[in-house]
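Q: below: sequence and its predicted model.
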Amino acid sequence: MPPARPAVLVTRQVFPEVIDKLRRHFEVETNDDDAVWPRDVLLARLQGKAGALTTGTERIDAALLQACPGLKVVANLSVGYNNFDVEAMTRHGVQGTNAPDVLTETTADFGFALLMATARRVSESEHFLRAGRWHKWAVEMFLGAEVHGSTLGIFGMGRIGQGIARRGAHGFGMQVLYHNRSRLDAATEADCRASYVPKDELLRRADHLVLVLPYTPENHHSIGAAELALMQPTATLINIARGGIVDDAALAQALREGRLAAAGLDVFEGEPAVHPDLLEVPNVVLTPHIASATRGTRLAMAHLAADNLIACLTQGRALTPVNRL
Ligand code: 8YV
């Protein structure tokens, strides 16, 4: 009898061609309804599985690992992996992988799209038009903020931050300032035409501040009331990183009180719930976590997650590991 093939779970609906690829190697259980499984359902379905292809929605923590002793690898279909307790995974000998690089340029495109939509009041003016309130053109109607030639601040200068910096510097003649855990090497700074500044200076000087840093417990609410107070009242804030980095209640208050001109948000604390105050303020562009959402990019991310499962379970090595075992 041939040896039994490993079993893997795909926790959300993904492209059929990726499922077909997995089926060439594994017994595959899928989630064809694309339901967000409650924790007990996820635990039950993980029983007997050697691998899982997850999204940012599933929390992989010590309790789950304890309850699923057969699990060897969890491949996240995202570059961020704050849904993983990496330390617990390493302790349990479980390989974690993410999906970097393949989404960099697409996500940087979206960061720039959100910046422009926010600065130029695209959503707000469209709502005005759709509501039938446009009765006459006016010189001072929906005046926005300048993008070209302005100062672009980037908080978190990884691959996506660098992509946004290049777009701003080379495409829009922006002066680019950044803050990061560590300073980039001189060649990368020159390529991005970006200057390193302390966090406070970044907040004070940016006309448009884009957040692209990973979420960790240490940077929870690293943009809160005190940080927002340092920003110019004419500035815009863009969050394509993670909910929880910004204190959404403090942001809504700053927007309401005119202490910040506008915000563009693709991620939220406790998403898919959105802080009700953010839904009430007009000068905010809200999108449902779609920064990497093009067909080509999401397909590439899903393939990379599947390839990580295949490489781990058939050759014992991960392509893009997030922990060392
Ligand atoms: C993912 C993301 O699509 O990659 C990330 O970190 O935020 C998005 O690109 C999302 O997390 C789904 O898992």
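A: On my side now, so go ahead.
Q: report pLDDT for Ala4.
A: Here the pLDDT value assigned to Ala4 is 86.
Q: what about it, neighbour count?
A: Ala4 has 7 neighbours, counted by other CB atoms under 10 Å. C-betas here are computed from N, CA, C, even on glycine.
Q: find the closest residue to the ligand in the stretch 201-325 of the chain.
A: Ser292 (3.3 Å; CB to the nearest ligand atom).
Q: and that residue, what element?
A: Following DSSP states H and E, one finds Ser292 outside all helices and strands.
Q: all strands of the stretch 151-300 of the chain, in order?
A: With DSSP state E, counting those that start in this stretch as the criterion, the stretch 151-300 of the chain has strands at 151-155, 175-179, 194-196, 208-211, 236-239, 262-265, 284-286.
Q: what's the most buried one of those?
A: The highest mean neighbour count among the strands of the stretch 151-300 of the chain, using mean count of other CB atoms under 10 Å, belongs to strand 236-239: a mean of 29.
Q: return the distance of that strand from the chain's centre.
A: Centroid displacement of strand 236-239 relative to its chain, using CA atoms, centre = their mean, to the nearest Å, is 13 Å.
Q: quick one: strands adjacent to it?
A: Sheet pairing here is set by DSSP bridges, and for strand 236-239 it gives strand 208-211 (parallel), strand 262-265 (parallel).
Q: need those strands in JSON lines (columns: mean pLDDT and distance to the ligand).
A: Output for the strands paired with strand 236-239, formatted as JSON lines (pLDDT from 0 to 100; distance: least, CB to the nearest ligand atom, whole Å):
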{"stretch": "strand 208-211", "mean pLDDT": "98", "distance to the ligand": "12"}
{"stretch": "strand 262-265", "mean pLDDT": "98", "distance to the ligand": "13"}
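Q: now these as TSV including distance to Glu280?
A: Output for the strands paired with strand 236-239, formatted as TSV (distance: least, CB to CB, whole Å):
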stretch	distance to Glu280
strand 208-211	22
strand 262-265	13
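Q: select, out of the ones you listed, the one closest to Gly243.
A: In terms of CB to CB, the element of the strands paired with strand 236-239 nearest to Gly243 is strand 262-265, at 8.6 Å.
Q: does Leu9 touch Ala52 like I think?
A: Yes - using CB atoms under 8 Å, Leu9 is in contact with Ala52, at 4.7 Å.
Q: picking up where we left off before, do you know which of the strands paired with strand 236-239 lies nearest Asn98?
A: With CB to CB as the criterion, Asn98 lies closest to strand 208-211 of the strands paired with strand 236-239, at 18.8 Å.
Q: list the contacts of the residue of the stretch 101-250 of the chain found nearest the ligand.
A: Sorted by distance to the ligand under CB to the nearest ligand atom, the residues of the stretch 101-250 of the chain start with Leu103, at 5.4 Å. Leu103 sits next to Val79, Ile160, Ser292, Thr297, Ala300, Met301 when contact means CB atoms under 8 Å, 6 or more residues apart in numbering.
Q: try 6 Å this time
A: Residues in contact with Leu103 (CB atoms under 6 Å, 6 or more residues apart in numbering) are Val79, Ser292, Thr297, Met301.
Q: and those residues, which two are the farthest apart?
A: With CB to CB as the measure, no two of the contacts of Leu103 lie farther apart than Val79 and Thr297, at 10.8 Å.
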